[in-house]
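J.: Starting from these lines, generate the structure:
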Amino acid sequence: MNNMVKIKYFPKYSLKAYDGMSVTADVWETAHTEHRDALRAHLLSMHKPGIICGLEIRANDPADHYVFISPGAAVDDFGRVIVVDQTIAYDFGDEGAGTYMMLIGYGEHEKEDSENKIKLMQHDYIIAARQSFPKQPVVELARITISAKGAVIKDAADPFQPVQDELDLRYRNDKNYTGDRIRVAAITLPGDNQAVYKGWRVLMSEMEQMLQVNMLVDMLSEINEQINDYDLVYIGAAGEFSPTDSQIALLKNYYNNRKGIIFEGLDAEGSRSLKEIADIFRVSPVNGETCRFYHVPFFFRIPPEQISEQHLACGNKVVFCSDPLVIPWSGEMNGRFMGRSEIRTNLEWGANLVAYCAG
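T.: You can find the predicted model right below:
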C-alpha cells in the first residue's frame with residue numbers, strides 16, 4: 001500500500017461539541033470513529049504494518065504436529081492492532097501435503113455486558129494456516145512445506161535454508177522491513193557449493209542491517225520451472241556446462257517477465273560456458289559512468305579489487321562476472337581472511353548487483 005492510498009484513512013471531519021447537544025448513540029459513534037480512523041492512519045503511514053513484538057512461532061518439544069505462538073501484537077494493512085495475550089497452540093495434524101502460510105488477522109464481535117447493561121465490541125484475532133492469502137488483510141507469522149498429512153513439524157536446523165516439515169521464519173511480516181521482500185534462487189553447477197551458499201547467507205544478513213531489506217535465498221539443484229517463483233536467479237558454474245534447450249527457454253521466459261539474472265564463472269571453463277549463455281541476453285562491457293549498479297544504492301567508481309572490469313559485463317537486469325563475486329561476501333577469498341573494509345566493499349557491491357537485477 002503506497003502513501004497516497006494511505007491518505008484516504010485520515011479522517012476528514014471531527015465532531016464539534018456545543019453546550020446542550022444531545023449525545024445519541026450515533027453522535028458517540030461518530031466521535032470515536034474519528035479517533036479510531038486517526039490512529040489507523042497514523043499506524044499505517046508512520047509505522048507500517050507488520051509484527052510489533054512477540055508472536056514468535058516454535059515447534060513443540062519433543063516435535064509433533066503442534067506449533068506454539070507466543071503472546072504479541074501486530075498491525076494489519078488496515079491499521080488495526082491485533083493483540084494476542086496468551087500462548088496459542090496450533091495443530092497441523094489435519095493438513096495435507098503442501099506449502100502453508102501461518103497467518104493472523106483481526107477480528108471483532110459484539111459482547112453483552114449484562115451487569116452494566118451495555119454492549120461491547122470485543123477485539124479479537126483469527127489464526128489460520130492457508131495455502132493462499134485471503135482477501136482480508138493478514139500478517140504472516142511463518143511458512144511451512146508439509147511433506148504428508150500428519151508429518152512431524154520441527155524448528156529449522158538452518159534458519160536460512162529450511163527444508164520440508166521445518167518452520168520457515170524468513171517470511172515473517174516484520175515491521176523493520178521497509179521495502180519489498182526479494183527472493184533469490186541460487187544455482188551452482190555442478191552440485192551444491194557451500195562456499196557460494198555461505199556468501200549469499202552473509203549478504204542476506206547484511207541486506208537487512210544495511211538497507212532493511214528482507215532477502216531470502218534458496219539453493220536450487222538445477223535450472224527448472226521453480227525459478228519462476230523468484231525475483232532473481234544466480235547461476236554459478238565450475239567446469240564446462242551445457243544447458244538443455246528447455247533450460248535456455250526457461251531462462252528466456254524468466255527474463256521476459258522482467259526478472260534479473262546474475263551469472264558467475266567459478267573457474268575458467270565455467271566462465272566460458274556461462275558467457276555464451278549471458279550473450280543470449282545481450283550483455284556488453286560495463287561503463288562505470290553510466291551503469292546503474294555502480295551508483296545505487298552505494299556509489300562506486302571501480303569494482304572491488306579482485307574484479308576486473310574486463311571480466312564484467314551487463315545488460316538490462318543481467319550481470320556476468322568471471323572474477324570472484326559471491327564467495328568474498330563471506331569474508332574469505334583464495335584461502336585468506338579479508339579485512340573489514342574489503343568485506344564491506346564487497347557486500348555493498350553485492351547489494352548494488354541485487355538492487356540492479358531484482359529492482
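J.: CA atoms for contacts and neighbours, from now on please.
T.: OK.
J.: got the end-to-end distance for stretch 110-129?
T.: Here the two ends of stretch 110-129 are set 25 Å apart, with distance taken as C-alpha to C-alpha, to the nearest Å.
J.: For it, what is the distance to the chain centroid?
T.: Going by C-alpha atoms, centre = their mean, to the nearest Å, the spacing between the C-alpha centre of stretch 110-129 and its chain's C-alpha centre is 35 Å.
J.: And the contacts of that stretch?
T.: Residues outside stretch 110-129 that contact it (C-alpha atoms under 8 Å, 6 or more residues apart in numbering): 82-84, 100-109.
J.: So which bits of it are buried?
T.: Within stretch 110-129, the residues scored as buried using 16 or more other C-alpha atoms under 10 Å are 127, 129.
J.: What distance separates the opening and closing residues of stretch 60-73?
T.: Its start and end residues considered, stretch 60-73 measures 22 Å (C-alpha to C-alpha).
J.: List the buried residues in it.
T.: 60, 64, 65, 66, 67, 68, 69, 70, 71, 72, 73.
J.: Which residue ranges make up each domain of this protein?
T.: Following automatic domain parsing, one finds the domains of the chain at 51-171, 182-358.
J.: What distance separates the opening and closing residues of the longest one?
T.: What that stands for is domain 182-358. In domain 182-358, first residue to last residue: 7 Å (C-alpha to C-alpha).
J.: That one - what's its average pLDDT?
T.: Taken as a whole, domain 182-358 has an average pLDDT of 94.
J.: Strands along the stretch 201-350 of the chain, start to end?
T.: 215-220, 232-237, 260-265, 284-285, 312-315, 318-321, 332-333, 336-337 (DSSP state E, counting those that start in this stretch).
J.: Any chance of JSON lines for those, columns mean neighbour count and distance to residue 158?
T.: Conversion of these to JSON lines gives the following (neighbours: other C-alpha atoms under 10 Å; distance: least, C-alpha to C-alpha, whole Å):
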{"stretch": "strand 215-220", "mean neighbour count": "20", "distance to residue 158": "12"}
{"stretch": "strand 232-237", "mean neighbour count": "25", "distance to residue 158": "21"}
{"stretch": "strand 260-265", "mean neighbour count": "26", "distance to residue 158": "25"}
{"stretch": "strand 284-285", "mean neighbour count": "14", "distance to residue 158": "38"}
{"stretch": "strand 312-315", "mean neighbour count": "21", "distance to residue 158": "33"}
{"stretch": "strand 318-321", "mean neighbour count": "26", "distance to residue 158": "29"}
{"stretch": "strand 332-333", "mean neighbour count": "16", "distance to residue 158": "21"}
{"stretch": "strand 336-337", "mean neighbour count": "10", "distance to residue 158": "24"}
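J.: From the contacts of stretch 110-129, list the buried ones, please.
T.: When burial is judged by neighbour count using 16+ other C-alpha under 10 Å, the buried members of the contacts of stretch 110-129 are 82, 83, 84, 100, 101, 102, 103, 104, 105, 106.
J.: Just the pLDDT at residue 1, thanks.
T.: The predicted structure scores residue 1 at 53 on the pLDDT scale.
J.: In this structure residue 352 contacts residue 300, no?
T.: No. Assessed by C-alpha atoms under 8 Å, residue 352 is found out of contact with residue 300, at 9.5 Å.
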